[in-house]
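**Q** show me the folded form of this:
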Amino acid sequence: MKTLIVGGAGYIGSHVVREFLDRGHGVTVFDNLSSGKRENLFPEAEFIHGDILDYTGLSRAASGRRGGFDAVVHLAAFKAVGESMVNPEKYSVNNINGTINILNAAVEGNIKNIIFSSSAAVFGQPEYLPIDEAHPTNPESYYGFTKLEIERFLGWYDKLKGIRFAALRYFNAAGYDVKGRIKGLESNPANLIPVIMEAACGMRETVQIFGNDYDTPDGTGVRDYVHVSDLAIAHAAALEYTSKNDKSITVNLGSESGISVLEIVEAARRITGKPIPARIVGRRAGDPAKLTAASKKAHELLHWTANNSDLDTLIKTSWDVYQKPRR
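**A** The predicted structure follows:
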């Protein structure tokens, strides 16, 4: 299938591109490189430097330079929770307006399948664990709100325009390509594992642990981490599902097991052989003690399992990239 991957030079996007190429899809990457990296581009994929806020350029890309596309993968939303709470206008413009542009360009280009990178942030504080797709959606960040609104837009375009979608609600994405083919580091990462990797290789002095008095085995927060290679596989499986079944789906993607902050720090020290200084600081407002996913629906519909999401693989594949000399 011919697929336009919007945000395909980013951290998750580049892994999705690689998976689609491995499966024989024709891939065009559309990215403004604001956070994506040129080193994450592959020669087998066409690259269009463009911005989702430029509707003319996006529409031209979606119509295809060599014929139309069968699908678009949307990975171009901003994703920093904290930033979204102090700069909601930035997230409104990019995530909401940008998505409307993508949807309208898909209509214009007669693209009938959209795979959307959603988030577990749509749920907010857990009312029960593990979190399944039926869990109430009550986002506590503006970022999570924009993701939920995008899911609602997708639902309307499904009803009104016949565009089938898969909304993939990630839990905590981590790790790097298990075959070592993707090297571009995230810029200014906020997630735990890349922060730990930066401390391990001397890019930052210490790792902050936000609270050690939670009701968990070691007192630190527990989260569900899913390997980015597993996420990429899920995107490809989701496109296969929507195109074959002419049906939209919303599914959670997680490992279904929780890992604590201290467990990750200790595993990183063991695997990297580095001391990785860490210090306990106060809890962050709104952080729950534990978050884990129920991914039964993904297992049943997509025949998907998080096969690479064990703790050692998450850390080792990250360290393999971070320890390499940077230019």
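
**Q** strands along the stretch 1-150 of the chain, start to end?
**A** When secondary structure is read from DSSP state E, counting those that start in this stretch, the stretch 1-150 of the chain shows strands at 2-6, 26-31, 46-49, 71-74, 113-119.

**Q** among those strands, which comes closest to A105?
**A** Checking the strands of the stretch 1-150 of the chain against A105 by C-beta to C-beta gives strand 71-74 as the closest, at 8.0 Å. In short, each C-beta sits where N, CA and C put it, glycine included.

**Q** which other residues reach stretch 177-185?
**A** Taking C-beta atoms under 8 Å, 6 or more residues apart in numbering as the criterion, the residues outside stretch 177-185 that touch it are 9, 11, 14-15, 18, 36-37, 39-40, 176, 194, 227-229, 308, 313, 317, 320-322, 324, 326.

**Q** can you rerun that using 7 Å?
**A** Contacts to stretch 177-185, defined as C-beta atoms under 7 Å, 6 or more residues apart in numbering, come from residues 14-15, 18, 37, 39-40, 176, 229, 308, 313, 317, 320-322, 324.

**Q** quick one: residues contacting the closest residue to T99 other than its chain neighbours.
**A** Taking C-beta to C-beta, 6 or more residues apart in numbering as the measure, T99 lies nearest to I150, with 4.9 Å between them; neighbours along the chain are not counted. In this structure, I150 makes contact with N95, T99, F116, judged by C-beta under 7 Å, 6+ apart.

**Q** could you do T242 as well?
**A** The neighbours of T242, taking C-beta under 7 Å, 6+ apart as the test, are N113, R164, F165, A166, S248, I249.

**Q** so how far is R18 from it?
**A** Applying C-beta to C-beta, to the nearest Å, one obtains 21 Å for the distance of T242 from R18.

**Q** re the thing from before, out of the contacts of T242, which is nearest to P189?
**A** A166 (26.2 Å).

**Q** just the pLDDT at K324, thanks.
**A** Per-residue pLDDT puts K324 at 77.

**Q** re earlier: pull out the buried members of the contacts of stretch 177-185.
**A** Among the contacts of stretch 177-185, the ones that count as buried by 16 or more other C-beta atoms under 10 Å are 14-15, 18, 37, 40, 176, 229, 308, 313, 317, 320-322.

**Q** and of these, the nearest to A278?
**A** Comparing the buried ones among the contacts of stretch 177-185 against A278 with C-beta to C-beta picks out Y322 as the nearest, at 16.5 Å.

**Q** tell me how many other residues surround the residue nearest to that closest one when sequence neighbours are not counted.
**A** When the adjacent residues along the chain are set aside, Y322 lies closest to M197, with 4.1 Å between them (C-beta to C-beta, 6+ apart). Residues lying near M197 (other C-beta atoms under 10 Å) number 26.

**Q** E240 now?
**A** 16.

**Q** could you dump the strand or helix carrying the residue nearest to Y322 to PDB, C-alpha only?
**A** When elements are defined using DSSP states H and E, M197 is found to belong to helix 192-200. The C-alpha coordinates for helix 192-200 follow below in PDB (Å, rounded to 0.1, in the frame of the first residue of the first chain):
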ATOM      1  CA  LEU A 192      12.000   8.800  32.100                       C
ATOM      2  CA  ILE A 193      14.200   6.400  30.100                       C
ATOM      3  CA  PRO A 194      15.800   8.900  27.800                       C
ATOM      4  CA  VAL A 195      16.400  11.200  30.800                       C
ATOM      5  CA  ILE A 196      18.200   8.200  32.500                       C
ATOM      6  CA  MET A 197      20.200   7.600  29.400                       C
ATOM      7  CA  GLU A 198      21.300  11.200  29.300                       C
ATOM      8  CA  ALA A 199      22.500  10.900  32.900                       C
ATOM      9  CA  ALA A 200      24.300   7.700  32.000                       C
END
